[in-house]
Each structure stands twice: as C-alpha cells, then as structure tokens.
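K.L.:
No letters, just coordinates:
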C-alpha cells in the first residue's frame, strides 16, 4: 500500500515554523512518500497579528523551485500555499487568484481569524464563550467560502477553531453548527472544490481529524468526492501523523481516492 502524500506542510517560510524545507523532504522520503506539497502561510491583511504571516511570494517560489530541482529523482516537491481567507481583503485575494495563483501547484484556502482574533490565542476565548466562539468561526467561514470560491483548490481544517477551545472538543458537536457546515460543503461540491482531511487534530489531542469524521460522512452523503490530505506539520516529527487512521476513516465512509494537485490540476490517487 503506497504512502499517502502529505499536502499540508509548513517550513521556515511560515512565521510559526523554523523547519528547513529539506528536513520535511527527508522525513517524507523516510516514510516512503513519493511527493509532498509545502503550503506555507500567506495571511494577507493580518497586520493586527503580532507575527508576520505574509510571504514574499517571488522569493518563496524561487527558493522552493531550487530545492525541487535539487531533490528531483528522489521525491517530487509540489509548491503550494495556505492562503488565509478574509473578506475584507477579497479584492486582493481575487487578484491573487488571477495572477500569482497560476505559479503554484496547489492553493489551500483556510480561515484563521475572526474579528481580528485567532482561536489559537487566549484572547479569542476571553472574548467568546466557547459555543459562541465555535458559532462565530463557522459563520464567518461560510461567508468567506461564499465570496472567495475562485481563490483556492481545497478548503483547509474546516473546524480549526475546535483545536484551541478551552475544552477542545469535549462539549463540541458539529450538528450544532450544521446550518453553516452543510451549505459550506455544498458550495465546495457544486464548485468542484476539495475538502481537506487535516490530521493535525490528532496531534492536538482531539482523537479525530479536522474536520471530524462525521463531517466527512455528511460530505459523502451530499455527493462530495474531492479530498486532500495533510498533516499540517510544522516539524518533521509530525509529518504524516494520523494518516493510517485517516485512510481507514475515509474508506469507511465510502471514499476510494484522495486528490493531489499539479499546476493547479487535480489528480485522484487510490487511498
């Protein structure tokens, strides 16, 4: 059985990682992966954040291309980006899609901020009671997907907010937020977008992926097929984490393939 390719990885180009690209590649090779995709953060319009989560795009692409050529024949390095979705910079993101977007193999669209706050930070949970914090995140996520569908290939870690809640997923039930989650999934399906199975939730002690398994069941029931898989690893130690669980969970719900992107074109591979 072939190793699943990790399509959500961070490196020294992200503000929250110090991992050299080559370290991620070497770990992937040791796990038997034939290709991976680096998806470093680009959250344009997040100047309120203490860390700079924007990329120097030309420098980033040039650096990854050089390393890609260096590793040719050993592993395929796909050049991706995790594009932070925010409606107040929608004009920039639409323009990005028309111009710079074509320079990448894969664009992962994600939501991180709500009202200029990241659920990763305690400030978010001081501002929101836990269930209201969940609701606010899903509400804004739906609005972003509605407005920014043309900017990405796959939607990342749909329930990212749960990772950092004071009680994590102890009191979380996705059904409570179905009025946001269901239409979001339908939009992805109707517009040929993928849904990411992010195994970072396992690393964060949720005992589940992001989004949780039941959301993939709903996605399948609604007609969803496109799945990308990523560990969201910021260090080599967690690259590929939870992929065996992910494979079996997706198969249980009837998925037979996952998707990788080359030059923004989807290719389905067997699970």
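P.N.:
That came in fine, so what should we check first? All values derive from a computational prediction rather than experimental measurement. Numbers count the residues shown, from 1 in each chain.

K.L.:
Enumerate every residue touching the closest residue to residue 245 other than its chain neighbours.
P.N.:
Excluding its sequence neighbours, the residue lying closest to residue 245 (CB to CB, 6 or more residues apart in numbering) is residue 202, at 6.7 Å. Backbone N, C-alpha and C define where each C-beta goes, glycine included. Contacts for residue 202 were tallied using CB atoms under 8 Å, 6 or more residues apart in numbering; they are 208, 209, 241, 242, 245.

K.L.:
so residue 202, which of the three states?
P.N.:
Three-state secondary structure (criterion: DSSP: H, G, I helix; E, B strand; the rest coil) places residue 202 in helix.

K.L.:
what's the pLDDT at it?
P.N.:
Listed pLDDT for residue 202 reads 95.

K.L.:
returning to what we had before: list just the nearest of the contacts of residue 202 to residue 33.
P.N.:
Proximity to residue 33 was ranked across these by CB to CB; first place goes to residue 241, at 13.0 Å.

K.L.:
burial count for the closest one?
P.N.:
When neighbours are defined as other CB atoms under 10 Å, residue 241 has 18 of them.

K.L.:
try the one 4 residues further on
P.N.:
The number of residues packed near residue 245 is 16, by other CB under 10 Å.

K.L.:
Buried residues, the longest helix seen in the chain. List them.
P.N.:
In the chain, assigned by DSSP state H, the helix with the most residues is helix 130-148. Burial within helix 130-148, assessed by neighbour count using 16 or more other CB atoms under 10 Å, is assigned to 130, 133-138, 140-142, 144-145, 148.

K.L.:
Return the residues in contact with the residue lying closest to residue 205 once chain neighbours are set aside.
P.N.:
Residue nearest to residue 205 in three dimensions, not counting chain neighbours: residue 168, with 6.4 Å by CB to CB, 6+ apart. The neighbours of residue 168, taking CB under 8 Å, 6+ apart as the test, are 162, 204, 205, 206.

K.L.:
Any figure for the gap between the most far-flung residue of the chain relative to its centre and residue 19?
P.N.:
The outermost residue of the chain, judged by C-alpha distance from the chain's mean C-alpha position using CA atoms, centre = their mean, is residue 73 at 26.8 Å. Residue 73 sits 23 Å away from residue 19 when distances are taken as CB to CB, to the nearest Å.
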